[in-house]
Each structure stands twice: as structure tokens, then as C-alpha cells.
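Student: The following block contains a protein sequence and its predicted model.
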Amino acid sequence: MENEQLVRRLLELFGRRELDRAVALFGEAAEFQVPGSSVISGTYRGRGGVLELWRRQIELSSGSFQTKLVALEPAGDRVVVGIDITAELDGEPVSWRRTVTYRISGDLIVQATCVEGDQSLADRVFALKHG
């Protein structure tokens, strides 16, 4: 599978909340880096770590966390994607742009690095307490 197809497949599976199938596209020792100062900020290691990140995003947004692919640029062993994020914060809809760079090796994602277009908003959505 080409790198672009791999990432498209990942986003499709994640969008349908087929998390176990989506995480299988990551290598066993993959790392997913999330910036900021929220409770999801940090580096997640392995498939178990990636699943933990995804589940926490969904849980902390009360299930409202949604993604929409808006840009995809393959570049060698990397694929850079622009994703529009929507969620609810204190019952109100919010949105921001996220950029994720995926590095692929041997038909598996081995690294993902996230950059939030509005880090402050992302930190508030993924805080333990809102308000």
C-alpha cells in the first residue's frame, strides 16, 4: 500500500471509530507526539499508547471529537495531513485545524507528530475540567 493510501485508510477507519483496525496500521514501536499542556499532551508509544490517546480524545470531548481531512501531501517516507477538528466545549461547538506528519516504514506508521492550529483551544477541550 502506498503511503498516501495508508494514511487515507487510517483516517477512514478512525472516522468510523474502528480503532482496533486503525491502530493495526501503526508499527509495534510507533510513537505519537502531542503538543500542549492538556492531559493528552506527551508521547504515546506503541499501539497501546496510540489507542490510549485516541480513546482519551474521544472521552474528554464527551464523544464529540470528529475529524475531517482537508489536505494530504505525501513527501518521501512522510505524509502531512491537514485535519479540521470539531468537538464540544462546555456544550458549545468548537473547531480548529490540526496538522499531523506521519512517517511510514515498511507499510506501517512508525511516527506521528501533531501540531495544533489553536493550541490554547485544544488544551481547553482536552482538560480534565471545563469552565
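Tutor: Received the coordinates, thanks.
Student: ok, and what's touching stretch 67-80?
Tutor: 2-4, 6-8, 11, 14-15, 81-86, 97-105 (CB atoms under 8 Å, 6 or more residues apart in numbering). C-betas here are computed from N, CA, C, even on glycine.
Student: next one: phi and psi at the nearest residue to residue 82 once chain neighbours are set aside?
Tutor: Closest residue to residue 82 apart from its sequence neighbours, by CB to CB, 6 or more residues apart in numbering: residue 71 at 3.5 Å. Main-chain torsions, residue 71, degrees, to the nearest 10: phi -160, psi 140.
Student: What about residue 71, how many residues nearby?
Tutor: Using other CB atoms under 10 Å, the number of residues around residue 71 comes to 11.
Student: Would you check how far apart it and residue 62 are?
Tutor: With the distance defined as CB to CB, to the nearest Å, residue 71 ends up 27 Å from residue 62.
Student: Kindly list the longest helix within this protein.
Tutor: helix 46-60 (DSSP state H).
Student: For that helix, list every residue counted as buried.
Tutor: Residues 46, 47, 49, 50, 51, 53, 54, 56, 57, 58, 60 are the ones in helix 46-60 that count as buried (16 or more other CB atoms under 10 Å).
Student: Right, I'll leave it there.
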